[in-house]
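>>> Structure, please.
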Amino acid sequence: MGKVILLSLLIFSTNLAAQTAKQQKIDELVEVMNMDAMVDSMYAQVEGMMQNMSVQMGVKPDEKAIFDKYYADMTEVLKTKMSWQKMQPMMINLYDKQFTEQEISDMLAFYKTDSGQAILKKMPQVMQESMQMSQALVQDAMPEIQAIAGELGEALKQSRSKAN
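Numbering: from 1, shown residues only. Purely as a prediction, here's the structure:
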């Protein structure tokens, strides 16, 4: 009986030590990747989208104060609901779930290099530009999508009228 308990404690402590080592590597990776700064850059991207929204909405100079108030309220909601403090435990859990300890070690080694740091610095801009390109493609496709949705609505309407 004592051997079973001793063996169980040994297995548990070995597993706990492995988790701790992996957890420490994930914490270091989060720091090396400057994930908190990425969240800050996300706010800057949102600000750019908000400025585009004011143009799309045709906000006039005398309406700017109204728009700015709503913009400030939306920014506050984002900073509160999507703060790094709230995201950090989720990101750590995500990396823990998706990557092995070896993969975390390999990412750490890479992101500590000059090339890895350059990629991390450029990635927010790459993501922003790719989102803008995607939005342009979606806008281009929107008339066709709306036409298909209209056809679907009409087909469903006809089908339902036949069923009644």
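>>> Do a quick rundown of the helices in the protein.
Ranges of helices in the chain, per DSSP state H, are 2-32, 35-56, 64-81, 84-98, 101-111, 114-163.
>>> can you list those helices in TSV and add mean neighbour count and mean pLDDT?
For the C-beta atoms, the positions are set from N, CA and C on the backbone; glycine is no exception. Listed next are the helices of the chain as TSV, based on neighbours: other C-beta atoms under 10 Å; pLDDT from 0 to 100:
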stretch	mean neighbour count	mean pLDDT
helix 2-32	12	70
helix 35-56	14	75
helix 64-81	12	84
helix 84-98	13	91
helix 101-111	15	96
helix 114-163	11	88
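>>> Next one: the closest residue to Met50 other than its chain neighbours from Thr100, what distance?
Closest residue to Met50 apart from its sequence neighbours, by C-beta to C-beta, 6 or more residues apart in numbering: Tyr71 at 5.2 Å. Separation of Tyr71 from Thr100 (C-beta to C-beta, to the nearest Å): 43 Å.
>>> try Asp68
Counting by C-beta to C-beta - Asp68 and Thr100 are separated by 47 Å.
>>> quick one: contacts of stretch 78-87?
Met35, Asp36, Val39, Asp40, Met42, Tyr43, Val46 (C-beta atoms under 8 Å, 6 or more residues apart in numbering).
>>> same deal with stretch 96-103?
Outside stretch 96-103, the residues touching it (C-beta under 8 Å, 6+ apart) are Ala18, Ala21, Lys22, Gln23, Lys25, Ile26, Met107.
>>> and it, how far apart are its ends?
10 Å (C-alpha to C-alpha, to the nearest Å).
>>> any idea how far that stretch is from the chain center?
Centroid separation between stretch 96-103 and its chain, computed with C-alpha atoms, centre = their mean, to the nearest Å, is 19 Å.
>>> what do you get for stretch 23-39?
That offset, for stretch 23-39, works out to 14 Å (C-alpha atoms, centre = their mean).
>>> Using CSV, list the CA coordinates for that stretch.
In CSV, the C-alpha atoms belonging to stretch 23-39 read as follows (Å, rounded to 0.1, in the frame of the first residue of the first chain):
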residue,chain,number,x,y,z
GLN,A,23,4.4,26.9,-18.0
GLN,A,24,7.6,28.8,-17.4
LYS,A,25,8.5,28.5,-21.1
ILE,A,26,5.1,29.7,-22.1
ASP,A,27,5.4,32.7,-19.8
GLU,A,28,8.8,33.5,-21.2
LEU,A,29,7.4,33.1,-24.8
VAL,A,30,4.6,35.5,-24.0
GLU,A,31,7.2,38.0,-22.8
VAL,A,32,9.6,37.5,-25.7
MET,A,33,6.7,37.9,-28.2
ASN,A,34,5.6,41.1,-26.4
MET,A,35,2.0,40.0,-26.6
ASP,A,36,0.9,42.8,-24.3
ALA,A,37,2.3,45.3,-26.9
MET,A,38,0.4,43.4,-29.6
VAL,A,39,-2.8,44.0,-27.7
